[in-house]
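Enquirer: Please find the sequence and the predicted model below.
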Amino acid sequence: MNVVIAGPFGHGTLSDEAVLAGLLRHLQARKHTAVVLSADPPHTEEIHGVSAVQAAAPGSLLSAKEFWNALGKAHLLVLASGGVVSAAGQPPARSWLAVLEHAQVAGLQTAVVGVGAVQIDDPKERARVRRLLHFFAGGLSARDEGSKQALMSYGLGACNISACGDPALALGSAVGLKPEPSRIGIVLAQSLPSRSGFGVEQNAAAPSPAAALQGLLAGILSPSPLPNGETEKWAVTLFHDATAPARALAHALTSGPAGERLTTLAADCAPAEIQARMAECSAIFSLSLHGLILAAGAGVPVAGCAGEPGAAAFLSALGLGRFALPVHDGAFAAADAVTALRELLARAAELRLSIAAKLAGLRKKEAQNERMMGLLVPRRVARARGKRISFQGDEEDQDGNRH
């Protein structure tokens, strides 16, 4: 089976690249081939080892010869993202969902896999999204129960939506170094929630979470006396998106006097490498849902923010619901985050065993995403389909091939 994967990939966001890596893990396990629509095809090909074609934005696809050529060789189009279906974003979710209609015109099966969603208040926008999902998504799965309920609030039937899980759960456990007892990981985000739309908008960090992060680092890095008379010193690894605003935030956080105890890692490498570095941490605090998923996949006890869609449900599924910290005015309480990290460190050995067992159950459920994609394209159809869409302006060479 040949698959085209569409979404806001190639922008350097950790969440999207983790989702893409999970989808590719499913497809490559069954020896399917994939082509990814990416804003940066060379980088996508480098870190994921997959073919990619240029797709800077969904609105540019109709005039892109490479897009139609990829569809002409495919059996299935899969749409996914680390963001959420909502009324926010430029372009909004419906611009991405319109790709499903283009694919069906080209004769492909379509699927929206492991999607996040939040309520849409505007009735016109809600109707547009419902139309695209109802008529043009052959398969539809949500990443959590809250997202399924949001999709149902658009007017979609419950029986048409599977709450399987996020594709990033398909990533295997990281094989990293032995955890450092005094190393903390923090997954940065520019705002809370980390994403309000399906696509990617590279905005500067909001003041509230930036100030909360500074307070968190101050609480972690300040000397703390131990009962034996020694001083506790923690080291911190900051994980962040490979975007200009995220790099600026990471730079601002490491410019203080304790900067020598801070290490930064941008998401410009494969998610498996990020997980391996997370495995070196004894506890991780993440502002993004996919930071939590990757950290848990690395076997690390995690804490996050309840204001991030899906985070509270994910932490509860791991038995860590009390570590979903409340969010007020777009920020978390730094002191509460420090307390949570100290408790995670104290219970690290116990929590690692519990997380591994519960994560196995979540991965088993998420594997239904792979089954859904396979059922959409029966083998006899996959074998038969080989016709290529002719794009106006193509020319035939002497062997009859069009280019």
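Expert: Yep, it's here.
Enquirer: Report the residue ranges of every domain in the chain.
Expert: Domain assignment for the chain, taken from automatic domain parsing, gives 2-170+367-384, 183-362.
Enquirer: so Ala283 sits right up against Gly304, yeah?
Expert: No - look at Ala283 against Gly304 with CB atoms under 8 Å: they stay out of range, at 11.7 Å. No exception for glycine: its C-beta is placed from N, CA and C like everyone else's.
Enquirer: where does the stretch 251-400 of the chain have low pLDDT?
Expert: 257-259, 380, 383-400 (pLDDT under 70).
Enquirer: one more time with 90, if that's ok
Expert: Low-confidence segments of the stretch 251-400 of the chain (pLDDT under 90): 255-261, 377-400.
Enquirer: Run through the bridge partners of Ala324.
Expert: Applying DSSP bridges to Ala324 yields these beta-bridge partners: Gly304.
Enquirer: Start the count at 55 instead of 1 going forward.
Expert: Yes, from this point I'll number from 55; that puts the last item at Ala378.
Enquirer: list the contacts for it?
Expert: Counting by CB atoms under 8 Å, 6 or more residues apart in numbering, Ala378 touches 357-360, 365-366, 369-370.
Enquirer: what about the helices in the stretch 305-454 of the chain?
Expert: 325-332, 343-351, 365-371, 388-400, 402-420, 422-430, 433-438 (DSSP state H, counting those that start in this stretch).
Enquirer: Run a quick neighbour tally on the residue lying closest to Leu348 once chain neighbours are set aside.
Expert: Using CB to CB, 6 or more residues apart in numbering and skipping residues adjacent in sequence, the residue nearest Leu348 is Gln329, 5.3 Å away. Neighbours of Gln329 under the rule other CB atoms under 10 Å: 25.
Enquirer: re earlier: put the buried members of the contacts of Ala378 into a PyMOL selection.
Expert: A single PyMOL command selects the buried members of these (16 or more other CB atoms under 10 Å):
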select buried, resi 357+358+359+360+365+366+369
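Enquirer: could the contacts of Ala378 be laid out in a markdown table, adding distance to Pro247?
Expert: Converted to a markdown table, the contacts of Ala378 look like this (distance: CB to CB, whole Å):
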| residue | distance to Pro247 |
| --- | --- |
| Ala357 | 16 |
| Gly358 | 11 |
| Cys359 | 8 |
| Ala360 | 10 |
| Ala365 | 9 |
| Ala366 | 12 |
| Leu369 | 15 |
| Ser370 | 17 |
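Enquirer: quick one: which of the contacts of Ala378 is nearest to Gln158?
Expert: Closest approach to Gln158 among the contacts of Ala378 (CB to CB): Ala365, at 33.7 Å.
Enquirer: wait, which of the contacts of Ala378 is closest to Gly269?
Expert: The closest of those, once distances to Gly269 are taken by CB to CB, is Cys359, at 13.9 Å.
Enquirer: The closest one against His382, yeah?
Expert: No - counting by CB under 8 Å, Cys359 does not reach His382; the two are 10.5 Å apart.
Enquirer: Any idea how far apart the tips of stretch 290-303 sit?
Expert: One end of stretch 290-303 to the other measures 15 Å (CA to CA, to the nearest Å).
Enquirer: Just the buried positions in that stretch, please.
Expert: 290-297, 300-301, 303.
Enquirer: returning to what we had before: minimum distance to Gln82: which of the helices of the stretch 305-454 of the chain has it?
Expert: helix 422-430 (10.7 Å).
Enquirer: Show me which positions of the closest one end up buried.
Expert: In helix 422-430, the ones that count as buried by 16+ other CB under 10 Å are 423-424, 426-428, 430.
Enquirer: Mind listing residues that contact it?
Expert: Taking CB under 8 Å, 6+ apart as the rule, helix 422-430 contacts 55, 57, 80-81, 83-84, 130, 132, 163-165, 167-168, 192-193, 195, 216, 218-219, 221, 224.
Enquirer: Same question for stretch 392-411.
Expert: 227, 233, 235, 238, 270, 273-274, 336-337, 339, 350, 353-357, 372-374, 377, 379.
Enquirer: tell me which element Leu74 is part of?
Expert: Remark: Leu74 resides in helix 68-83, with elements defined by DSSP states H and E.
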